[in-house]
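> here is my input; please provide its structure:
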Amino acid sequence: MIKKLLLALFILCSTTAFAESSGGPLLYKNQFPLFTHLNTPYFEKAALETSFSATLSHSSVYLVKESAEWSIGLDMEVTELSLRYRKKVSGNLELGAELPFLSLNSGFLDAPLDAYHSAFGFPDYGRSNRPDNDFLYSVKKNGTAIISGKGGGVGPGDLRLTIKRAISEDPAVSLMATIELPSGDAGEGYGNGSLDAGALVLLDKRLGERFTLYGNAGIFFPGDLKGENTIELKEYIFLGAAIEAALYKELSLIGQLYLETSPYPSTGIAELDRNGVLLSLGGRYGAGAGLYEFTFTEDPGVSGAPDFSFSLSFKRVF
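Got it, this is the predicted structure:
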């Protein structure tokens, strides 16, 4: 894995000119607790920039299931403040760092969600079988605890470092390599306790005056999950597609689809074994060098993703 990462870093260091852009996909990543610490990527644009961004996300998660070997208990709300810095260091090279701060908590949305499901006749996936706003984060294999999360705390997640190299202008295409350092507590669910690596191909393509298409494809190599006990993980694939519509000079609407295959060995729990799919809709407003975003994300595949998330972001482009 490390050899693959070093090769990617070497490739990134050659020279090509590339233009800047201040738009891009919505600043959202998968907040499913069993995936988010495994170098799970943000949807990225190909264009390079120097910027600082802060994203505040809140997600509702529910998965309480058992199989012959596994017992998964996730009933929580996840609040994350993610700080990201990007620095364009040459005409074709960008360096970046991301550090999330997480709160795993019992939340406040169970009663409104119950009313919503009842009003429209939607299934609640068993949520009504548990008390409202009662925190649960437990992962066991063959009766042995892997994660025993505690609600109400706040802690740092894993630190992610990135390097991006632009290779063409029209369409804009870049390569990105990532590495994630184990700075979060794995036993309590804030990290995975291992070094993770990955590589992506990024695409931006303008479609006329008002529309821009974004595409991402990547492969990631998570290290073992080292909680109270260790689970070996496997490589996973990330795919994303987004369309941005510029309504006015300052205002855009964005829709994006995000797919992530499962990094876990077969658990016999379909919601964890299937691919995670996220559908996000949001808007972006630009004021000078500042960009403001609102994003709502739904889980259409009922697997490997929060039930829903919403987030607010601010980005300053320098």
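> now stretch 262-273: buried residues?
262-264, 267, 269, 271-273 (16 or more other C-beta atoms under 10 Å). C-beta coordinates here come from the backbone N, C-alpha and C atoms, glycine included.
> just stretch 87-94 next, same as before
Buried residues in stretch 87-94 (16+ other C-beta under 10 Å): 88, 92-94.
> how about these in JSON lines, adding secondary structure?
JSON lines is the format used below for the buried residues of stretch 87-94 (DSSP: H, G, I helix; E, B strand; the rest coil):
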{"residue": "K88", "secondary structure": "strand"}
{"residue": "N92", "secondary structure": "coil"}
{"residue": "L93", "secondary structure": "strand"}
{"residue": "E94", "secondary structure": "strand"}
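> picking that back up, now, which of the buried residues of stretch 262-273 sits nearest L181?
P263 (17.5 Å; C-beta to C-beta).
> how about that closest one, what does it touch?
Residues near P263 by C-beta atoms under 8 Å, 6 or more residues apart in numbering: 35, 38, 220, 222, 233-236.
> of those residues, buried ones?
Buried by 16+ other C-beta under 10 Å: 35, 38, 220, 222, 233, 236, out of these.
> the fourth one and N39 touch, don't they?
If I follow you right, that is P222. Yes: between P222 and N39 there is a contact at 6.0 Å, judged by C-beta atoms under 8 Å.
> and for those two, which residues touch both?
D196.
> where in this protein is pLDDT low?
Low-confidence segments of the chain, defined by pLDDT under 70, are located at 1-22, 110-111, 115-126.
> quick one, helices of the chain?
Taking DSSP state H, the helices of the chain run over residues 2-12, 110-120, 270-273.
> strands of the stretch 151-300 of the chain, start to end?
154-156, 159-169, 172-181, 196-207, 211-221, 225-226, 230-231, 236-246, 251-260, 276-287, 290-298 (DSSP state E, counting those that start in this stretch).
> winner for burial among the ones you listed?
Highest mean neighbour count of these: strand 172-181, a mean of 22 (counted as mean count of other C-beta atoms under 10 Å).
> summarise which helices and strands it is packed against.
Contacts defined by 3 or more C-beta pairs under 8 Å, 6 or more residues apart in numbering; DSSP states H and E place strand 172-181 against helix 2-12, strand 159-169, strand 196-207.
> can I get the buried residues of stretch 262-273 in JSON lines with distance to K249?
Output for the buried residues of stretch 262-273, formatted as JSON lines (distance: C-beta to C-beta, whole Å):
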{"residue": "S262", "distance to K249": "42"}
{"residue": "P263", "distance to K249": "41"}
{"residue": "Y264", "distance to K249": "45"}
{"residue": "T267", "distance to K249": "49"}
{"residue": "I269", "distance to K249": "48"}
{"residue": "E271", "distance to K249": "43"}
{"residue": "L272", "distance to K249": "44"}
{"residue": "D273", "distance to K249": "46"}
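> for those, which one is nearest L83?
P263 (24.5 Å).
> what's the distance between that closest one and E232?
10 Å (C-beta to C-beta, to the nearest Å).
> you'd agree S194 is up against G223?
Yes: S194 is in contact with G223 according to C-beta under 8 Å; the separation is 2.5 Å.
> quick one: common contacting residues for the two?
What both S194 and G223 touch, as defined by C-beta under 8 Å, 6+ apart, is the set P182.
> what count of nearby residues applies to D307?
Neighbourhood size, D307 [other C-beta atoms under 10 Å]: 20.
> these two touch, right, it and Y62?
Yes: the pair D307 / Y62 is scored as a contact, 6.0 Å apart, by C-beta under 8 Å.
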